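Colleague: Here is my input, please return the structure:
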Amino acid sequence: MEHLYYKPSGKIPVKGIFISLITAFVITVVLSIIYIALQWFIPFIYLNFFIAAGLGCGISGGIFIAIGAGKIRNTTYEFVLAVLCGLLGWYCQWALFVSLLSEAEGSMGGGMWVRSSFNLTGFWYILTHPSILFGAMLSLNEVGTFTLKHNTVSGTFLWVVWVIEALIIIGAPTLFSLSGRSTSPFSEQNNQWMEDREVEGKLKTVTDPDAMIQELSTGNLRSLNDFLPADDLSTDYATLRIYESPGDPVSYISVTNNSHQADKKGELKKETKTVIEYFKMIAPI
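Modeller: Residues are numbered from 1 along each chain as shown. Presented below is the predicted three-dimensional model:
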């Protein structure tokens, strides 16, 4: 039943390669600079995990923008680009950190150097000389780069911290790329991404997706009306999202079930689950 669902064409426009690479790399480098700036000026070490997560998510967003701008419909390309940008982000933030340390004055206070200045020449030199960068990492690991409960963190524990940081920065965009921009419906006829809109109103919760798919696969669009109630369904319902492009006879739909479960405090927490994704419709909806 693969033909019933959207499948990326796999096309990689030549112009799109340059657009996507430049866009993704520039965003990654800028975010890496912001990442180090935040770490440098915020001495609260416990926030570093969230800052690293922000960098990983930011790079993911940059890749989404880059793939969209380049009109790339190849999932493998997006995955490779995500890995490259993750590595670039991790490498750039280290190069910047080491270059700042080389310009730092004073001693460690609260785990960070009290003053430094950015030197583009020094940053570029370290960025283009990996041996110097990795040598600096080895030296820094011996002396430590921050304190925890008044104790300098170094050695094995610091390596563990750095590995976790790298996994977040590289892993986040890699994981997001598996369901990234290249997987969403694209109109080959109009050479543009399809616009999506959500149908107004709530649908009945879809308990048997296969039955609904079987009905829709026959071209019986009226079966959708069976799921569109006239009254409010309170906390449990489904929503229908449509992907279409002007003049293109092919469109796609996704159906998501929404439910609300009470947590330990008795507050309702919304949960969503996509039960049908990018189902192909050979007719305007």
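
Colleague: Which stretches in the stretch 101-250 of the chain count as strands?
Modeller: 105-109, 112-115, 146-148, 151-153, 186-187, 192-193, 195-198, 237-244 (DSSP state E, counting those that start in this stretch).

Colleague: Phi and psi next, for K265.
Modeller: Per-residue torsions, K265: phi -90, psi 0 (degrees, to the nearest 10).

Colleague: State the distance from it to D236.
Modeller: Remark: distance between K265 and D236 (CB to CB, to the nearest Å) = 20 Å. All C-beta spots, glycine's among them, are computed from the backbone N, C-alpha and C.

Colleague: of these two, who's got more company?
Modeller: D236 (14 against 6; other CB atoms under 10 Å).

Colleague: Would you quantify the distance from the more buried one to W40?
Modeller: For D236, the distance to W40 - CB to CB - is 48 Å.

Colleague: Minimum distance to T121: which of the strands of the stretch 101-250 of the chain has it?
Modeller: T121 lies closest to strand 105-109 among these, at 18.0 Å (CB to CB).

Colleague: Identify the residue spatially nearest to S20, adjacent ones excluded.
Modeller: Counting by CB to CB, 6 or more residues apart in numbering, G70 is the residue found nearest to S20 once chain neighbours are left out, at 3.5 Å.

Colleague: check contacts around that neighbour.
Modeller: By CB atoms under 8 Å, 6 or more residues apart in numbering, the contact list for G70 reads 13, 15-20, 23.

Colleague: List only buried entries from these.
Modeller: For those, a burial check counting by 16 or more other CB atoms under 10 Å picks out 16, 19-20, 23.

Colleague: Could you check how far the longest strand seen in the chain is from the centre of its chain?
Modeller: The longest strand of the chain (DSSP state E) is strand 268-281. Averaging C-alpha positions (CA atoms, centre = their mean, to the nearest Å) puts strand 268-281 19 Å from its chain's average.

Colleague: same deal with stretch 156-176?
Modeller: 15 Å.

Colleague: what's the answer for stretch 35-48, then?
Modeller: Here the centre of mass of C-alpha atoms in stretch 35-48, compared against the chain's by CA atoms, centre = their mean, lies 22 Å away.

Colleague: again, but for stretch 3-18
Modeller: The answer for stretch 3-18 is 19 Å, by CA atoms, centre = their mean.

Colleague: For it, list the C-alpha coordinates in CSV.
Modeller: Extracted as CSV, the C-alpha positions of stretch 3-18 are listed here (Å, rounded to 0.1, in the frame of the first residue of the first chain):
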residue,chain,number,x,y,z
HIS,A,3,1.4,4.0,-3.4
LEU,A,4,-1.4,5.2,-1.1
TYR,A,5,1.0,7.5,0.8
TYR,A,6,3.3,10.3,-0.1
LYS,A,7,6.9,9.3,-1.1
PRO,A,8,9.6,11.9,-1.7
SER,A,9,10.8,11.9,-5.3
GLY,A,10,14.4,11.9,-4.2
LYS,A,11,15.3,14.9,-6.5
ILE,A,12,18.2,17.1,-5.5
PRO,A,13,18.3,20.3,-7.6
VAL,A,14,21.8,21.5,-8.4
LYS,A,15,21.0,25.0,-7.3
GLY,A,16,19.4,23.6,-4.3
ILE,A,17,22.6,21.9,-3.2
PHE,A,18,24.4,25.3,-3.0
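
Colleague: Contacts for it next, please.
Modeller: Contacts for stretch 3-18 (CB under 8 Å, 6+ apart): 69-75, 77, 182-186, 188, 213, 217, 243, 252, 277-280.

Colleague: tell me the mean pLDDT for that stretch?
Modeller: Per-residue pLDDT over stretch 3-18 has a mean of 93.

Colleague: domain ranges for the protein?
Modeller: Using automatic domain parsing, the domain parsing of the chain gives 2-183, 189-281.
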